[in-house]
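Enquirer: Mind folding the following:
(one chain, ligands or ions: 2)
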Amino acid sequence: MFVPTLMGQCTPEQQAYWLPRALDMQIIGTYAQTELGHGTFIRGLETTATYDPETETFVMNSPTLTSYKWWAGGLAKTVNYCIVVAQLYTKGVCHGTHPFIVQIRDEETHMPRPGVKVGDIGPKLGFNTADNGYLGFDNYRIPRDNMMMKNAQVLKDGTYVKVARHGKATYGTMVFVRVLLVNEAAFNLAKACTIAVRYSAIRRQCSPDSEGSELQVLDYSTQQHKLFICIATAHALQLNSTWLWKTFSDTLAAIKQGNVDTLPELHALSSCLKALSTADAASLIEQCRHACGGHGYMMSSGLPYLYAFVTATRTYEGDYTILLLQTARFLVKAYEQVEAGKPLTPTVSYLSQAFTGKKLPWDSSPDGIIRAFQALAAGKLSSTVKSLRKRLESGLSYEQAWELSTIQLNGAAEAHCRAVMSQNYKSEIERLTVNSSPNVKLVLQQLYKVYLYYWALERTGDLLLYTSISESDIFELQLRYEGLLKEIRPNAVGIVDAFDLRDEVLHSALGSYDGNVYERLMAEAQKSPLNAEPVNQTFHTYLKPMMKGKL
Ligand SMILES: CC(C)(COP(=O)(O)OP(=O)(O)OC[C@H]1O[C@@H](n2cnc3c(N)ncnc32)[C@H](O)[C@@H]1OP(=O)(O)O)[C@@H](O)C(=O)NCCC(=O)NCCSC(=O)/C=C/CC(=O)O
Ligand SMILES: Cc1cc2nc3c(=O)[nH]c(=O)nc-3n(C[C@H](O)[C@H](O)[C@H](O)COP(=O)(O)OP(=O)(O)OC[C@H]3O[C@@H](n4cnc5c(N)ncnc54)[C@H](O)[C@@H]3O)c2cc1C
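Expert: Ligands and ions are numbered 1, 2, ... in the order given. Modelled structure (predicted):
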């Protein structure tokens with residue numbers, strides 16, 4: 001967050017000074033926006049930066065306990081600088097939140113500067129290799145030039161000057177990182193399913209008939225149901241992340257030319273794709289752990305660490321619910337554009353289906369299922385807008401009507417995102433495999449069909465509402481899905497091997513390439529401190545006295 005924000009929010013002159021120092025690690029920085037009392041609601045942040053024209057400095061203050069910066073990675077003991085997002089005051093007027101570069105520790109002694117209170121926030125579910133910290137200011141002065149002035153400036157006399165034409169330019173870094181998080185979700189899910197599939201090929205448990213040998217657990221349909229959606233989703237997220245990155249790059253290029261027209265759609269896409277990819281990755285990594293039984297619960301499996309790491313991404317850089325509501329905001333506007341007969345941007349062009357008044361004829365082909373997801377998203381949005389308008393007609397304000405409709409709004413945004421992800425997944429596979437061998441094409445098509453069938457079967461209720469799917473169609477689809485799992489089984493290990501993740505990256509006794517699971521589990525167990533001596537001293541201090549009735 002530190003370097004991207006320097007690049008996104010500094011003037012060229014400021015970049016020329018700060019970027020080389022940051023990139024050479026002469027200074028180490030973090031991004032401190034969240035406070036003890038506010039994370040989602042950026043406009044509610046309490047830290048203040050008040051300009052003093054006499055000294056041409058900003059006075060940083062933490063007026064309340066809840067205004068203390070909280071969470072920034074590396075803030076506690078590592079960084080000596082940070083980007084602080086604060087309410088800017090000049091000439092007695094508040095101009096809202098702006099970013100400032102603030103030195104918090106001495107570059108030689110690393111001691112906190114006078115007026116700076118900094119420390120660690122304590123143990124967390126995961127991320128315990130990062131010293132997430134807290135930061136408070138007590139009339140701490142920074143030079144005027146430390147205001148990041150690409151989008152707004154304060155002149156020496158305290159005059160405030162707005163530079164950026166689009167009010168949300170300061171939020172640009174969060175869009176950038178959200179785009180990266182989609183890729184990170186794919187990578188971490190690929191690690192988890194590599195571990196779980198390889199282990200499932202090694203693990204033998206139970207034999208259906210008394211004479212036969214025990215089966216590889218990967219042969220069980222329920223195990224395939226748990227794991228093959230994980231492989232398919234890792235591919236889906238990877239392909240969507242490269243698609244989103246291109247969308248992001250195109251939008252940035254347009255903004256550089258002064259055209260912000262595509263920024264709202266990028267914000268909507270990056271919001272819902274970040275929300276869904278991190279939530280799907282976290283829940284499917286947990287599913288990989290479930291698929292590994294007790295050994296999946298061992299830290300040496302690598303799965304608990306992966307889950308703890310990825311589940312945080314559902315929260316940071318924008319909480320799941322909040323970001324889906326941002327997408328919903330864009331969708332409601334798109335719906336109104338259809339009503340007004342205005343053209344739609346590509347990712348929402350399917351919304352015109354919402355106005356046909358007819359159920360989409362069910363078609364179980366991959367393209368048919370994608371169209372069904374689009375009809376489902378259009379239908380959910382349409383009924384959401386109907387609820388909104390019913391509440392407005394009852395006399396509620398727009399804010400009240402919106403708040404009461406947020407459960408449906410989130411559902412519509414999730415459905416939209418699933419439709420976008422499915423469309424991208426299939427079209428990217430087709431684009432990338434044009435010259436591939438028939439076998440590669442076959443396997444990748446099997447995987448995107450798993451994704452489509454899995455989510456169609458997860459959403460049968462909605463499909464019954466918005467398409468002509470029948471009970472027998474659903475019955476057929478379930479059989480086809482189960483058959484497809486069996487087709488994938490022979491290639492399953494080869495498919496995860498194709499992620500090409502080295503043992504050093506997997507950090508897993510269950511997922512190592514050589515498959516020596518039991519030897520590795522035992523070797524990891526020997527590292528337990530409890531195995532340092534045959535009798536632990538607690539025998540003498542607690543157990544023995546207890547057994548002798550002396551405790
Ligand atoms: C929830 C948010 C988006 C609310 O924003 P806010 O300004 O309060 O108002 P609105 O919801 O009314 O939005 C106004 C307007 O602006 C558009 N917009 C909002 N955000 C963006 C954006 N990022 N890019 C482009 N456009 C944006 C919005 O669509 C509206 O446009 P209209 O045309 O409809 O008026 C905001 O408060 C928010 O983003 N909250 C989340 C906070 C967050 O993400 N924090 C991250 C902290 S850093 C971190 O977590 C680091 C983690 C570690 C690491 O990454 O290493
Ligand atoms: C591991 C980790 C690392 C982090 N690193 C950083 C960092 O480096 N820098 C930084 O600045 N921050 C960082 N954060 C903080 C992170 O950005 C915030 O936690 C996140 O933005 C959510 O804000 P919050 O914690 O205040 O939750 P809140 O916003 O208080 O959310 C709590 C609950 O309220 C709900 N809610 C909130 N507002 C609404 C609403 N308007 N409508 C409906 N529901 C709502 C949310 O959905 C959620 O269920 C980090 C967090 C974590 C977990």
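
Enquirer: Skipping its backbone neighbours, what lies nearest Lys426 in space?
Expert: Excluding its sequence neighbours, the residue lying closest to Lys426 (CB to CB, 6 or more residues apart in numbering) is Tyr448, at 5.3 Å. The C-beta positions use only the backbone N, C-alpha and C, and glycine is treated the same way.

Enquirer: So for stretch 465-476, mean pLDDT?
Expert: Taken as a whole, stretch 465-476 carries a mean pLDDT of 97.

Enquirer: As CSV, could you dump the C-alpha coordinates of that stretch?
Expert: The C-alpha coordinates for stretch 465-476 follow below in CSV (Å, rounded to 0.1, in the frame of the first residue of the first chain):
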residue,chain,number,x,y,z
LEU,A,465,-37.6,-18.2,-10.4
TYR,A,466,-35.9,-16.7,-13.4
THR,A,467,-35.6,-19.5,-16.0
SER,A,468,-37.8,-22.3,-17.2
ILE,A,469,-35.6,-25.0,-15.6
SER,A,470,-37.7,-27.9,-14.5
GLU,A,471,-37.3,-30.6,-11.8
SER,A,472,-36.2,-33.1,-14.4
ASP,A,473,-33.6,-30.6,-15.8
ILE,A,474,-32.2,-30.3,-12.3
PHE,A,475,-32.1,-34.1,-11.9
GLU,A,476,-30.3,-34.4,-15.2
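
Enquirer: mind listing what's buried in that stretch?
Expert: Residues of stretch 465-476 classed as buried: 466-467, 469, 473-474 (neighbour count, 16 or more other CB atoms under 10 Å).

Enquirer: what about the strands in the stretch 301-450 of the chain?
Expert: For the stretch 301-450 of the chain, no strands are identified by DSSP state E, counting those that start in this stretch.

Enquirer: again, but for the chain
Expert: Taking DSSP state E, the strands of the chain run over residues 29-32, 48-52, 57-61, 69-70, 81-90, 93-103, 116-120, 133-137, 140-143, 152-154, 160-162.

Enquirer: Format the buried residues of stretch 465-476 as CSV; extra columns: distance to ligand 1.
Expert: Below are the buried residues of stretch 465-476 laid out as CSV (distance: CB to the nearest ligand atom, whole Å):
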residue, distance to ligand 1
Tyr466, 26
Thr467, 30
Ile469, 34
Asp473, 38
Ile474, 37
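
Enquirer: Is stretch 388-403 in proximity to ligand 2?
Expert: No - figure legend: stretch 388-403 not in contact with ligand 2 (CB under 6 Å from any ligand atom); closest approach 7.6 Å.

Enquirer: And that stretch, end to end?
Expert: End-to-end distance of stretch 388-403 (CA to CA, to the nearest Å): 9 Å.

Enquirer: again, but for stretch 490-502
Expert: With CA to CA as the measure, stretch 490-502 spans 22 Å from end to end.

Enquirer: re earlier: give me the number of residues near the residue nearest to Lys426?
Expert: For Tyr448, the tally of surrounding residues (other CB atoms under 10 Å) stands at 22.

Enquirer: ditto for Glu211
Expert: 5.

Enquirer: same thing with Lys246?
Expert: For Lys246, the tally of surrounding residues (other CB under 10 Å) stands at 10.

Enquirer: rewinding a little: can you tell me which of the buried residues of stretch 465-476 is nearest Thr66?
Expert: Nearest to Thr66 among those: Tyr466, at 44.3 Å, using CB to CB.

Enquirer: Can you tell me the closest non-neighbouring residue to the spatially most central residue of the chain?
Expert: For the chain, the residue nearest the mean C-alpha position is Thr278 (3.5 Å; CA atoms, centre = their mean). Nearest residue to Thr278, sequence neighbours excluded (CB to CB, 6+ apart): Thr313, at 4.1 Å.

Enquirer: wait, doesn't the one you found sit right on Ala282?
Expert: Yes - between Thr313 and Ala282 there is a contact under CB atoms under 8 Å: 7.3 Å.

Enquirer: count of residues packed around the residue in the chain positioned nearest to ligand 2?
Expert: Among the residues of the chain, Gly39 lies nearest to ligand 2; the distance is 2.2 Å by CB to the nearest ligand atom. Gly39 is flanked by 18 other residues according to other CB under 10 Å.

Enquirer: Look at it and report its pLDDT.
Expert: 96.

Enquirer: who touches it in this structure?
Expert: By CB atoms under 8 Å, 6 or more residues apart in numbering, the residues touching Gly39 are 71, 319.

Enquirer: Quick check: phi and psi on it?
Expert: Main-chain dihedrals, Gly39, degrees, to the nearest 10: phi -130, psi -50.

Enquirer: Quickly note the distance from it to Ile407.
Expert: To Ile407, Gly39 is 21 Å away according to CB to CB, to the nearest Å.

Enquirer: what about the helices in the stretch 251-400 of the chain?
Expert: For the stretch 251-400 of the chain, the helices defined by DSSP state H, counting those that start in this stretch occupy 263-290, 303-313, 320-339, 366-393, 398-404.

Enquirer: buried stuff in stretch 54-61?
Expert: Residues 56-61 are the ones in stretch 54-61 that count as buried (16+ other CB under 10 Å).

Enquirer: Neighbours of Asp219, how many?
Expert: When counting by other CB under 10 Å, one arrives at 14 neighbours for Asp219.

Enquirer: And it, how far from ligand 1?
Expert: Asp219 is 40 Å from ligand 1, where distance means CB to the nearest ligand atom, to the nearest Å.

Enquirer: and if you look at Met546?
Expert: From Met546 over to ligand 1 (counting by CB to the nearest ligand atom), the distance is 47 Å.

Enquirer: Can you read off the pLDDT for that residue?
Expert: Value for Met546, per-residue pLDDT: 93.

Enquirer: now swap in Leu19 and tell me
Expert: At Leu19, the model reports a pLDDT of 97.

Enquirer: if I pick the closest residue to it other than its chain neighbours, what's in contact with it?
Expert: With CB to CB, 6+ apart as the criterion, Leu19 has its nearest non-adjacent residue at 5.6 Å, and that residue is Leu6. Contact analysis of Leu6 by CB under 8 Å, 6+ apart lists 14-15, 18-19, 22, 29, 83, 101, 148.

Enquirer: Give me the below-cutoff pLDDT ranges for this protein.
Expert: Applying pLDDT under 70 to the chain picks out residues 165-173, 551.

Enquirer: Now do the domain split for it, please.
Expert: Domain ranges of the chain: 2-150, 172-336+365-392+403-433+441-492, per automatic domain parsing.

Enquirer: Which residues of the stretch 251-400 of the chain lie near ligand 2?
Expert: Within the stretch 251-400 of the chain, the residues that sit near ligand 2 (CB under 6 Å from any ligand atom) are 312, 315-316, 319, 321-322.

Enquirer: mind running it again at 5 Å?
Expert: Residues of the stretch 251-400 of the chain lying close to ligand 2 by CB under 5 Å from any ligand atom are 312, 315-316, 319, 321.

Enquirer: Can you tell me which of those is closest to ligand 1?
Expert: Among these, Tyr316 lies closest to ligand 1 (CB to the nearest ligand atom), at 3.5 Å.

Enquirer: Pop out the phi and psi values for that closest one.
Expert: When read as degrees, to the nearest 10, the backbone of Tyr316 gives phi -80, psi 160.

Enquirer: Likewise for Leu501?
Expert: Torsion angles at Leu501 (phi, psi; degrees, to the nearest 10) stand at phi -100, psi 120.

Enquirer: my guess is it contacts Ala190, does it?
Expert: Yes - if you go by CB under 8 Å, Leu501 and Ala190 touch, sitting 6.6 Å apart.

Enquirer: out of those two, which sits in the busier spot?
Expert: Here Leu501 and Ala190 are compared on neighbour count by other CB under 10 Å; more neighbours surround Ala190, at 25 against 18.

Enquirer: Good, we can wrap up now.
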